Structure formats: C-alpha cells, structure tokens
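Enquirer: using only what follows, build the 3D model:
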Amino acid sequence: MPHPYRINLVDHERWVSTGYSRSFAWGLVQNPAGEQLGFWRVVRYYPNLDTEGGCYEFSLERIGPAIVSEGFSFLDSQISRERAHAEFVAKILEWQGSPKP
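Expert: Predicted coordinates:
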C-alpha cells in the first residue's frame, strides 16, 4: 500500500488517538512504497505524568537496539509532539541515506 510521506510511522495516529496507550506505542516504519524499514516505538513515557518526557526510538527489529532516537517532553502538548515527531522522522531519513556497513 503506498504511503504519502518519505518516512511513514504506521499506527502512530492510533497511538495518539488512544490517549498514548502503552499497548499501541509502537509500529512499523515504511517508505512511500510500503517497504518496511524497521520499527518505531515510544519508551519511558507515562501519559499520566505530565512532568515526564519520553523517547521515540527506531530499530530494525521490534525489540532490537535503537538506531535512531529523539527525546521529548510533555508529549501531550501538540507543539512538543509535532516537533519531536518531525525531528525523529528527519533522523530516520538521515540514517536511511547514510552508507551501511
């Protein structure tokens, strides 16, 4: 299934729409053609603690080590969420374009 963006975080909107349920704090990362690049996840985030932040992570395996990460604070703030999301996606694009060992 084609996607509209260069990097697509599948099920990210579902996570947001559930009120940041930890059960949905992960999904696939796909390119516009729908090819799987890896997985995204959110760690160290507890939506009931509005004084705590968290971290987006990208890995090649569902529970593998993070290759790219982007911390955030106060994710319930739309501005903070959008900024962290944009920076996280930019880092994945950078990783995607870099030579692999």
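Enquirer: which stretch of helix or strand covers Leu28?
Expert: For Leu28, the host element (DSSP states H and E) is strand 26-30.
Enquirer: now the helix or strand that that strand is followed by: average pLDDT?
Expert: Downstream of strand 26-30, the first helix or strand assigned by DSSP H and E is strand 36-43. The predicted model gives strand 36-43 an average pLDDT of 95.
Enquirer: what residues sit buried inside strand 36-43?
Expert: 37-42 (16 or more other CB atoms under 10 Å). (C-beta placed from N, C-alpha, C; glycine too.)
Enquirer: direction included, what does it pair up with?
Expert: According to DSSP bridges, strand 36-43 forms sheet pairs with strand 26-30 (antiparallel), strand 53-59 (antiparallel).
Enquirer: so how far is that strand off the chain centroid?
Expert: 6 Å (CA atoms, centre = their mean, to the nearest Å).
Enquirer: give me the contact list for that strand.
Expert: 7, 9, 12, 15, 20, 25-31, 54-62, 64, 67, 88, 92, 96 (CB atoms under 8 Å, 6 or more residues apart in numbering).
Enquirer: quick check: phi and psi at Arg62.
Expert: Main-chain dihedrals, Arg62, degrees, to the nearest 10: phi -50, psi -40.
Enquirer: how close does it sit to Ser80?
Expert: Applying CB to CB, to the nearest Å, the value for Arg62 to Ser80 is 26 Å.
Enquirer: re earlier: filter the contacts of strand 36-43 to the buried ones?
Expert: 7, 9, 12, 15, 20, 25-31, 54-59, 88, 92, 96.
Enquirer: where in the chain is pLDDT low?
Expert: Along the chain, segments meeting pLDDT under 70 span 1, 50-51, 74-79, 99-101.
Enquirer: any idea which helix is longest in it?
Expert: helix 78-97 (DSSP state H).
Enquirer: ok, back up a step: format the strands paired with strand 36-43 as CSV; extra columns: distance to Gly71.
Expert: Listed next are the strands paired with strand 36-43 as CSV, based on distance: least, CB to CB, whole Å:
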stretch, distance to Gly71
strand 26-30, 17
strand 53-59, 5
